[in-house]
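>>> Here's a sequence, model it:
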Amino acid sequence: MAARIALLLFTAAIVSCTSETEIQTAQTPLQCNVSLLILGVAQDAGRPQIGNPDDPAWADPSLKRLATSIALIDRRGDEPRRWLFEATPDIKEQIRRLNAAAPAAHPLDLAGVFLTHAHIGHYAGLMMFGREAAGARNVQVFAMPRMADFLSSNGPWDQLLRLHNLYIAVMSEGEPEHLTPDLSVTPFLVPHRQEYSEVAGFEIQGPEKAALFIPDIDSWEDWDAQGVRIEDKIAGVDFALLDATFYANGEIPGRDMSGFPHPFVSHSMERFENMPHREKQKIWFIHMNHTNPLLIPDAPERSLVESKGYNNASESAEYCL
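Numbering: from 1, shown residues only. Model (predicted):
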């Protein structure tokens, strides 16, 4: 509840830049037809994480956080069209939340599922579309070429394709997938561990606004070396959901985290320090490890992020596009 109140107060403070109908909180009904819904904000394994019996989230359900996922919702027409971004291990609960926010004729009516890469928190939920679970029919999965090859060449994922639970739409870097005449998703490659597939981020273009979704990246500087500046990407959108896996070095006791393949939130804030305030307000930190203090509702780190002009992504928040 504290996190939701903090989000509401921060939203009110930036009304001059973002109208009150653009972001939904627990107390603010959404007033737009096309939106992004946050279905999870945690790193792949969620919170509490397996093997961490002392996490208070085991005893307090309000502290539970699902693996990072978002949904794109188009409420125009007789029934909403819904696209899921990431098929996480928490997909059952996430589809339940999606159905509560945008009910469809059938709870598994999805116009598509977009995958960023082949790490467990981003695709393992596909198993729930199989015959042992939902027995879905022809759910369209958007994947980059290596990701598509991984799914079609390895079990149990290839069985989902053979049984027509899923089918794959292969994406190309920089080429938009036009979902409607005024709604598109454009994939781009980012530097991150590529054991089984390339790693993608997405630019989601709505009728009026655009969003950036980068849940995993090694570092902003590695992207610089490839000729891409995150600041330029942020400048081209209205919302930027960015990798916040770890807050700072030392977060995991007894380990030097300086080589961990994620940009620390503390480093991101230092890098973005000289950005105009309006640009900072676009940034919403997401994909937080169970050790990240940004998952704790009353943590001083959450307040610090907001005092510097940034935002902490919250589950069930919704952004108008």
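>>> So for the residue most central in space within the chain, what's the pLDDT?
Ranked by distance to the mean C-alpha position of the chain (Cα atoms, centre = their mean), the top residue is Ser69 at 4.3 Å. Reported pLDDT at Ser69 in the predicted model: 98.
>>> cool, the one 3 residues further on as well?
For Leu72, the pLDDT comes out at 98.
>>> Tell me where the model's unsure across the stretch 101-250 of the chain.
Of all residues in the stretch 101-250 of the chain, none has pLDDT under 70.
>>> ok, which stretches of it are strands?
112-114, 139-143, 166-170, 177-180, 183-189, 200-205, 210-214, 239-243 (DSSP state E, counting those that start in this stretch).
>>> Do a quick rundown of the helices in the stretch 151-300 of the chain.
Counting by DSSP state H, counting those that start in this stretch, the segments of the stretch 151-300 of the chain that form helices are 157-162, 220-225, 230-235, 265-271, 277-280, 300-307.
>>> want to throw those helices into CSV with mean neighbour count and distance to Trp58?
Every C-beta, even on glycine, is put in place using the N, C-alpha and C of the backbone. Conversion of those to CSV gives the following (neighbours: other Cβ atoms under 10 Å; distance: least, Cβ to Cβ, whole Å):
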stretch, mean neighbour count, distance to Trp58
helix 157-162, 16, 31
helix 220-225, 15, 34
helix 230-235, 16, 35
helix 265-271, 18, 25
helix 277-280, 14, 35
helix 300-307, 16, 21
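>>> residues in contact with Ser172?
Taking Cβ atoms under 8 Å, 6 or more residues apart in numbering as the contact definition, Ser172 lies against Pro145, Pro187.
>>> returning to what we had before: indicate which one of the helices of the stretch 151-300 of the chain is closest to Glu315.
Counting by Cβ to Cβ, Glu315 lies closest to helix 300-307 out of the helices of the stretch 151-300 of the chain; the figure is 14.2 Å.
>>> ok, the very next helix or strand once past that closest one: who's next to it in the sheet?
On the C-terminal side of helix 300-307, the closest following helix or strand by DSSP states H and E is strand 311-312. Based on DSSP bridges, the strands next to strand 311-312 in the sheet, each with its direction, are strand 283-286 (parallel).
>>> pLDDT on the partner strand, on average?
Mean pLDDT, computed over strand 283-286, is 98.
>>> Name the residues that touch that strand?
Among residues not part of strand 283-286, those counted as contacts by Cβ under 8 Å, 6+ apart are 38, 41, 68, 215, 234, 239-244, 265, 268, 272, 294, 305, 310-313.
>>> Filter those residues down to just the buried residues.
Buried subset of the contacts of strand 283-286 (neighbour count, 16 or more other Cβ atoms under 10 Å): 38, 41, 68, 215, 234, 239-244, 265, 268, 272, 294, 305, 310-313.
>>> Write down the beta-bridge partners of the residue nearest to the centre of the chain, one by one.
Assigned bridge partners for Ser69, using DSSP bridges, are Gly40.
>>> Thanks a lot, see you next time.
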